[in-house]
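J.: what's the 3D shape of this:
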Amino acid sequence: MIELIHLTKSFKKPVRKPGIIGMFTSLFSRKYTVTTAVNDISFKINDGEIVGYIGANGAGKSTTIKMMCGILNPTSGKVLLNGVEPYKKRREIAKSVGVVFGQKTQLWWDIPLIESFVVLKEMYQISDQDYEERMEFLKSTLGISEFLHQPVRTLSLGQRMRADLAAAWLHNPSILFLDEPTIGLDVLVKEKIRQAIKTMNNKYHTTVILTTHDMEDIENLCSRIILIEKGGIIYDGSLKDIKHKFGDAKTISVPYFGDYDITSLDDFNQKVKYELKDEHLLIKFNAGQVPLENIVNYVFHHLHTQDFVISDINIEDIVKEILAKEENHEKI
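T.: The predicted structure is shown next:
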């Protein structure tokens, strides 16, 4: 189990005046600015959960992950991984934790990928039998067989991310931290990584903490999300609950050719919003407030089209709405 108790992390930065004189005076200055990246957060994650830890850039996601891994020490509060503080017993924790940072690799750049796995096998003291079993599992789930004998520097981004995920899981950690694991990847590679994560969780009961800006990752993998903004948690709950809170929200997508002005369209007493995106008009509304039939009739008779798509609210829209309410200090 992972437990965060009033966790806070602040960074001190010396105050420096401009110019050469400012550079020298800053060497002797005791003035600092303090930035709080993580501000008094608490939550628990049970064994076997897949949790999406999401927020805008600079919200404090990666800083939290680094404290949970033991890379950073907290300013105050505690992190407990199965009852152990990771920054105090890093060697002990390393055996039960796997980490993937989307912008960094733990693989050796100039040697074949398979050699990196052999080095990791010896580092984690994995038995020959376990190593062979896990390699077969990783080959089948991640499709890494085709480039096992290539130097890591020759791998494409998608191949390297699959290799990094394999390396993080090779010692069969009970907890897997994934920080932007699908960043910059194409659709097919993303799907392969998502399926691999699901398989690891189902077969080995691996606990997964996932940070991502790709809302499809969240919807496909996570049953629970923790939303962080400006270092503090503003939502912690299941996807079902959060969608229920935002009602029966729907979007109708209609092809837009610029033959009418969207500002002239009926907003149904400000209960309907219109948005242009990728040559489509998006009509957003809550079916609990405005009947779907009314909107469809309006589309038929006023927009003169029969080509449209109706979809339910997605998690990306929900996150945007929560963040907007947080900025306006509204109750979620």
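
J.: alpha carbons only for contacts and neighbour counts from here, please
T.: Noted.

J.: list the buried residues of the one helix or strand residue 299 maps to.
T.: Assigned by DSSP states H and E, residue 299 falls within helix 292-302. Applying a neighbour-count criterion of 16 or more other C-alpha atoms under 10 Å, the buried positions in helix 292-302 are 292, 295, 299.

J.: mean confidence score for the helix or strand following that helix?
T.: Downstream of helix 292-302, the next assigned helix or strand under DSSP H and E is strand 309-312. Averaging pLDDT along strand 309-312 gives 81.

J.: now do strand 309-312: which elements does it pack against?
T.: Taking 3 or more C-alpha pairs under 8 Å, 6 or more residues apart in numbering; DSSP states H and E as contact, the helices and strands that strand 309-312 lies on are strand 249-255.

J.: in its sheet, what does the strand it packs on sit against?
T.: strand 280-286 (antiparallel), strand 309-312 (antiparallel) (DSSP bridges).

J.: show residues contacting the last one.
T.: Same thing as strand 309-312. 248, 249, 250, 251, 252, 253, 254 (C-alpha atoms under 8 Å, 6 or more residues apart in numbering).

J.: PyMOL command for the buried members of those residues?
T.: Buried residues among the contacts of strand 309-312 (16+ other C-alpha under 10 Å), as a PyMOL selection:
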select buried, resi 249+250+251+252+253+254
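
J.: and after whichever strand or helix holds residue 133, which helix or strand comes next?
T.: Secondary structure assignment for residue 133, by DSSP H and E: helix 128-142. Downstream of helix 128-142, the next assigned helix or strand under DSSP H and E is helix 157-169.

J.: with just CA atoms, put that following helix into PDB.
T.: What follows is helix 157-169, C-alpha atoms only, in PDB (Å, rounded to 0.1, in the frame of the first residue of the first chain):
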ATOM      1  CA  LEU A 157      11.000   6.500 -29.600                       C
ATOM      2  CA  GLY A 158       8.200   4.000 -29.500                       C
ATOM      3  CA  GLN A 159      10.700   1.100 -29.300                       C
ATOM      4  CA  ARG A 160      12.700   2.700 -26.600                       C
ATOM      5  CA  MET A 161       9.600   3.400 -24.500                       C
ATOM      6  CA  ARG A 162       8.600  -0.300 -24.700                       C
ATOM      7  CA  ALA A 163      12.100  -1.200 -23.800                       C
ATOM      8  CA  ASP A 164      12.000   1.100 -20.800                       C
ATOM      9  CA  LEU A 165       8.800  -0.300 -19.600                       C
ATOM     10  CA  ALA A 166      10.200  -3.800 -19.900                       C
ATOM     11  CA  ALA A 167      13.300  -2.800 -18.000                       C
ATOM     12  CA  ALA A 168      11.200  -1.200 -15.200                       C
ATOM     13  CA  TRP A 169       9.200  -4.300 -14.800                       C
END
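
J.: what's it packed up against?
T.: So helix 157-169, by 3+ C-alpha pairs under 8 Å, 6+ apart, packs with strand 97-101, helix 113-123, helix 128-142.

J.: can you give me the mean pLDDT across it?
T.: 91.

J.: using PDB, list the CA coordinates for the helix holding residue 299.
T.: What follows is helix 292-302 as a C-alpha-only set of coordinates in PDB (Å, rounded to 0.1, in the frame of the first residue of the first chain):
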ATOM      1  CA  LEU A 292     -31.300  15.500 -26.500                       C
ATOM      2  CA  GLU A 293     -34.300  15.500 -28.900                       C
ATOM      3  CA  ASN A 294     -34.600  19.300 -28.800                       C
ATOM      4  CA  ILE A 295     -30.900  19.700 -29.800                       C
ATOM      5  CA  VAL A 296     -31.200  17.100 -32.600                       C
ATOM      6  CA  ASN A 297     -34.300  18.800 -34.000                       C
ATOM      7  CA  TYR A 298     -32.500  22.100 -33.900                       C
ATOM      8  CA  VAL A 299     -29.500  20.600 -35.800                       C
ATOM      9  CA  PHE A 300     -31.800  19.200 -38.500                       C
ATOM     10  CA  HIS A 301     -33.900  22.300 -39.100                       C
ATOM     11  CA  HIS A 302     -31.400  25.100 -38.600                       C
END
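
J.: for the stretch 151-300 of the chain, give me the ranges with low pLDDT.
T.: 243-248 (pLDDT under 70).

J.: please work out how many residues are found near residue 37.
T.: 20 (other C-alpha atoms under 10 Å).

J.: which secondary structure elements does the helix or strand hosting it sit against?
T.: In this assignment (DSSP H and E), residue 37 forms part of strand 32-45. With contacts taken as 3+ C-alpha pairs under 8 Å, 6+ apart, strand 32-45 sits against strand 2-14, helix 61-69, strand 232-238.

J.: how about the nearest residue to residue 168, chain neighbours excluded?
T.: Sequence neighbours aside, residue 98 is the residue nearest to residue 168 in space, at 4.6 Å (criterion: C-alpha to C-alpha, 6 or more residues apart in numbering).

J.: nearest to residue 187, of the helices and strands packed on strand 32-45?
T.: When the helices and strands packed on strand 32-45 are compared by C-alpha to C-alpha, helix 61-69 sits nearest residue 187, at 24.1 Å.

J.: could you count how many residues lie near residue 1?
T.: 15.

J.: show me what contacts it?
T.: With C-alpha under 8 Å, 6+ apart, residue 1 has these contacts: 44, 45, 46, 47, 80, 81, 82, 83.

J.: since that was my last question, I'll sign off now.
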